[in-house]
Structures are given as C-alpha cells and as structure tokens.
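Undergrad: Prediction below, plus the sequence it came from.
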Amino acid sequence: MISSSTHIVSGYDAELSRLTNDLTDLGTLVSEMVADAMQAFKKRDSITAQQVIDRDEDANALQFKIDEAVQRIIALRNPVAQDLRSIIGATRIASDLERVGDLAEGIARRAMIINEEKRIDIARSVYRMGKQSRQQLAGALDSLLKGDAIAALHYWQSDSDLDDLYDSIFRELVTVMMGDPRTIPACTELLFVAKNLERIGDHATNICEAVYFTVKAAQLTSDPALDRLRQNGEIGESR
C-alpha cells in the first residue's frame, strides 16, 4: 500500500503507482507459488512442484526491481511522512515476499521427495496447516492493499494459532517416527514442509507490522493506542 495522495509532479505519482503494481504482482506470484506447492504436495504432482521451483527466479527478479525503484524514488523525490514510510515499507515487504517464494520453492522440492515415499496419514494435517498459512498470507496482503491497520493487527495476532498447529504436528511426527523407524525419511520431509509453512506465517506477520507502521506511524508491538482498542473490545489480547 503506497500513499495515494496526489503530488505536484505527475511523474512521482506514476512511480508510486508502478511500485504499488510491482508489489502487488510479487504478492500474487508468491501466493500462487505457495498454493501450487501445497497442491503438488497433496496430489503428489511432481510436475507442478517443478513449475513452482522454476518460478522462484521470477520472484527474485520482481524483488530486485522493487528495491531498485525504492532507491531511485528516495534519491530523486526525497519523500517524507507517509510517503517515506510507504516506500521503506515496500522494500521490507518485498523482502518478506521473496522469502515466502523461497519457502514455497522449498516445499515443492520436499514434495518431490515425499511423492516417492509411502503416503503417511499425518500428511493431511500438514496440508490443513498449509491452508491456514495461505489464509494468513492472504489476509496480510489484503490489509496491505487496503491500507487497513486494524486488519493487519488481527492477522498479526493469528500467527499464534499457526505456531500451535506446528507444535502439534511436530509432536505427531515424532510419535510416528518412534513407532515405525521406516517412516523416518518421509516424516523428516513432512517436518521440513510444516516448518516452512510456519515460517510463511512469520513473514505474513512481518508484512502486517509494516502495514501498521505505514498507516499509524507507530510500531505495532509498542503502540499505546492498542490498549484503548483492547479495552473497547476491537482487538483481542496480545499474542
């Protein structure tokens, strides 16, 4: 979410618009990569997994393009106030999104290995975790597009649910491996998939923090206004 205020120099507005579009394109790309990686995992589809791996270069290129645009705007336009926060936030968010793409690639690579192993029942729990992780990422990106600090806060808080799910899956996988050592290779790969999904949730919370800072000019973790929102029942307790 880049500031939408009108500037005297029309070229400045065009640069901000292009930056917004590139950030949106990156968010869409990595979201699709995560969804496709999990579909490859669920359907045991190594062709789709390879397509996810191939798209990681596109995500890297978009992040590089965004970083170059941010450096150019800061050098030539001298942005201030919310414009400056938005532009700095864009490079932080682009970095998080690029890492999400890397994690999706990692899931795809793990899926290709898992596809060669005997199916394990707990894989369904990992797929459900993937659905929750994608929902959290989608919520963070929606709060970015809308510039909605309260929505960003809600999705930031929901990360604890994903952490709890990861801990539960970790315990289940350890139990399965202890019960049947033959499952150790597949369970190890599943554990890596689950960890990548947990990390995607962490990057989604980073995006939420950047959105909140851009809109409110305050760090999400230390904004005194949060106490008032909690007292009014507008948000839940801290994570």
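TA: Nice, I can see it. Numbers count the residues shown, from 1 in each chain.

Undergrad: who are the neighbours in contact with residue 159?
TA: Taking C-beta atoms under 8 Å, 6 or more residues apart in numbering, we find residue 159 in contact with 136, 201-202, 204-205, 239. In short, each C-beta sits where N, CA and C put it, glycine included.

Undergrad: If any of these are buried, give me the ChimeraX selection for them.
TA: Only the buried entries of the contacts of residue 159 go into this ChimeraX selection, using 16 or more other C-beta atoms under 10 Å:
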select :136,201,202,204,205
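
Undergrad: tell me the least confident of the contacts of residue 159?
TA: Lowest pLDDT among the contacts of residue 159: residue 239, with 49.

Undergrad: Can you tell me which residue sits nearest the middle of the protein?
TA: residue 204 (3.7 Å; C-alpha atoms, centre = their mean).

Undergrad: So for it, what's the nearest residue that isn't a sequence neighbour?
TA: Nearest residue to residue 204, sequence neighbours excluded (C-beta to C-beta, 6 or more residues apart in numbering): residue 140, at 4.2 Å.

Undergrad: buried residues in whichever strand or helix holds the one you found?
TA: In this assignment (DSSP states H and E), residue 140 forms part of helix 123-146. By neighbour count with 16+ other C-beta under 10 Å, helix 123-146 contains the buried residues 123, 125-126, 129-130, 133-134, 136-141, 143-144.

Undergrad: ok, so of those, who is nearest residue 184?
TA: residue 123 (14.8 Å; C-beta to C-beta).

Undergrad: what's near enough to touch that closest one?
TA: Residue 123 neighbours (C-beta under 8 Å, 6+ apart): 41, 114, 190.

Undergrad: pLDDT score for residue 223?
TA: 67.

Undergrad: One more: the one 3 residues further on?
TA: According to the prediction, residue 226 has pLDDT 67.

Undergrad: and what of residue 84?
TA: 92.

Undergrad: same check, this time on residue 157
TA: In this model, residue 157 carries a pLDDT of 88.

Undergrad: ok, how many other residues are close to it?
TA: 17 (other C-beta atoms under 10 Å).

Undergrad: cool, the one 4 residues further on as well?
TA: The criterion is other C-beta under 10 Å. On that basis, residue 161 has 13 neighbouring residues.

Undergrad: Please apply the same query to residue 55.
TA: Residues near residue 55, counting by other C-beta under 10 Å, number 20.

Undergrad: Just the closest of the contacts of residue 123 to residue 209, please.
TA: residue 41 (28.6 Å).

Undergrad: Which residue, other than its chain neighbours, is closest to residue 191?
TA: In space, residue 191 is closest to residue 173, 5.3 Å off (C-beta to C-beta, 6+ apart).

Undergrad: Pull the contacting residues for residue 18.
TA: Applying C-beta under 8 Å, 6+ apart, the residues contacting residue 18 are residue 69.

Undergrad: What pLDDT is listed against it?
TA: 93.

Undergrad: Could you list the low-confidence segments of the chain?
TA: The model of the chain has pLDDT under 70 over residues 1-10, 222-239.

Undergrad: residue boundaries of the helices in it?
TA: With helices called from DSSP state H, the chain shows them at 10-43, 46-77, 81-114, 123-146, 149-157, 159-179, 184-216, 225-231.
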